[in-house]
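J.: Turn this into a structure:
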Amino acid sequence: MRIILASSSPYRRELLKRLQHPFECINPDLDETAKAHEQPQDLVKRLSEEKAQAVANKLADKQALIIGSDQLATLNNKVLSKPGGYTKAFAQLHACSGKTVSFLTGLCLLNASNHHMQTVVEHFQVSFRVLSDSQIDHYLRKETPYDCAGSFKAEGLGISLFEKMSGDDPNSLVGLPLIKLVTLLKQEGIDILTDSTT
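T.: Predicted coordinates:
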């Protein structure tokens with residue numbers, strides 16, 4: 001049974017490598033626009049499932065487990081998008097200073113051979129330090145996290161922005177909750193700890 005990550009994200013790919021199990025990456029090529037009045041939790045759940053299904057639809061050989069994942073960061077129930085550049089990233093971090101940001105990460109494991117789908121939404125919270133403008137400027141120039149939701153890289157210097165983190169799996173911050181993924185894989189017969197199929 002092949003394992004396929006339905007993503008082109010280098011961050012998710014690096015995370016999945018930590019499980020030391022062979023996998024492939026296929027870009028789902030999906031429109032990720034939210035529907036009208038769609039709540040963040042519903043959006044990440046839907047997109048993680050749609051990403052997995054989009055990749056399943058591309059496969060000739062359906063003997064595959066497909067991992068779909070999607071993430072949103074919210075501040076005061078407002079979604080923090082990927083900033084795309086310095087100005088928006090600065091504004092986002094300035095708004096986050098001294099506040100708590102909530103992360104929602106949808107995770108779907110789809111067995112393409114029998115259409116069995118497991119989906120969860122992981123919650124994680126990050127409390128930011130009170131940040132000066134010069135600290136924000138220094139951080140952004142050092143790490144340029146312009147393709148990251150919330151304008152930081154928790155796996156890098158971004159960790160210095162935080163006062164406290166709260167949740168089950170810090171990997172959720174980067175976009176792939178590995179602890180929950182190991183559980184979902186086990187339920188599909190793949191035991192990461194013994195590297196065997198049951």
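J.: Distance-wise, check the residue positioned nearest the centre of the chain relative to residue 114.
T.: Among the residues of the chain, residue 175 comes closest to the average C-alpha position under CA atoms, centre = their mean, at 1.8 Å. Using CB to CB, to the nearest Å, residue 175 is found at 27 Å from residue 114. Using the backbone N, CA and C atoms, a C-beta is placed for each residue, glycine as well.
J.: same thing with residue 33?
T.: Distance from residue 33 to residue 114, by CB to CB: 30 Å.
J.: wouldn't residue 95 be in contact with residue 73 here?
T.: No - applying CB atoms under 8 Å, one finds residue 95 not in contact with residue 73, separated by 11.3 Å.
J.: more crowded one of those two?
T.: The neighbour comparison of residue 95 against residue 73 (other CB atoms under 10 Å) goes to residue 73, with 25 against 16.
J.: in a strand, that's where that one is, yeah?
T.: Yes - counting by DSSP: H, G, I helix; E, B strand; the rest coil, residue 73 falls inside a strand.
J.: Wait, it touches residue 83, no?
T.: No - applying CB under 8 Å as the test, residue 73 and residue 83 come out as separate, 10.9 Å apart.
J.: which neighbours do those two share?
T.: Counting by CB atoms under 8 Å, 6 or more residues apart in numbering, residue 73 and residue 83 have no contacts in common.
J.: Pull the contacting residues for residue 152.
T.: 93, 139, 143, 145, 158, 161.
J.: ok, the nearest residue to the third one once chain neighbours are set aside - contacts?
T.: Looking back up the chat, that one is residue 143. In space, and not counting its chain neighbours, residue 143 is closest to residue 157: 4.9 Å by CB to CB, 6 or more residues apart in numbering. Going by CB under 8 Å, 6+ apart, residue 157 touches 139, 142, 143.
J.: Thank you kindly, that will do.
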